[in-house]
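S.K.: dropping the sequence and predicted coords here.
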Amino acid sequence: MDSRGVYEASLEDGGIQRQPCLLSGYPVYSNGVSFDSGKQANKDDWQKFGRMLKAGNSQELAAILKFITQWCGNSTTFSM
C-alpha cells in the first residue's frame, strides 16, 4: 500500500485513471515525460534509462531506445 491506500503500481487514483510509464508500468504523475504519441514515462525512470544508455555501449539499450522512438515518437518535454 502506498500513500493513496492502494497498490503502488495501481493506475487508479481516487477515480482518476493515470497513464502507465512506458518503461516501468507504474503510474505517471506530474513529473512525466511526454511523447508525440501521448504516451508518457516517469521523469526519474527516463533519466535513469538515459544514464544507463550513455554509460555503456549496449546494443540492447540502443535497440530499446529505437523501439520506443518508433512506438511513441520523440519526447516532447525532455531530451536525453
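M.R.: Structure received.

S.K.: name the helix or strand of the protein that has the lowest mean pLDDT.
M.R.: Using mean pLDDT, DSSP states H and E, the weakest-scoring helix or strand in the chain turns out to be strand 12-13, at a mean of 86.

S.K.: who's in contact with that one?
M.R.: Strand 12-13 is contacted from outside by 4, 6, 18, 27, using C-beta atoms under 8 Å, 6 or more residues apart in numbering. C-betas here are computed from N, CA, C, even on glycine.

S.K.: my read: Asp36 touches Asn74, true?
M.R.: Yes. Using C-beta atoms under 8 Å, Asp36 is in contact with Asn74, at 5.7 Å.

S.K.: if I look at Met1, how far off is Asn31?
M.R.: Distance of Met1 to Asn31, given as C-beta to C-beta, to the nearest Å: 21 Å.

S.K.: these two: which is more packed in?
M.R.: With neighbours defined as other C-beta atoms under 10 Å, Met1 and Asn31 compare such that Asn31 has more, 12 against 8.
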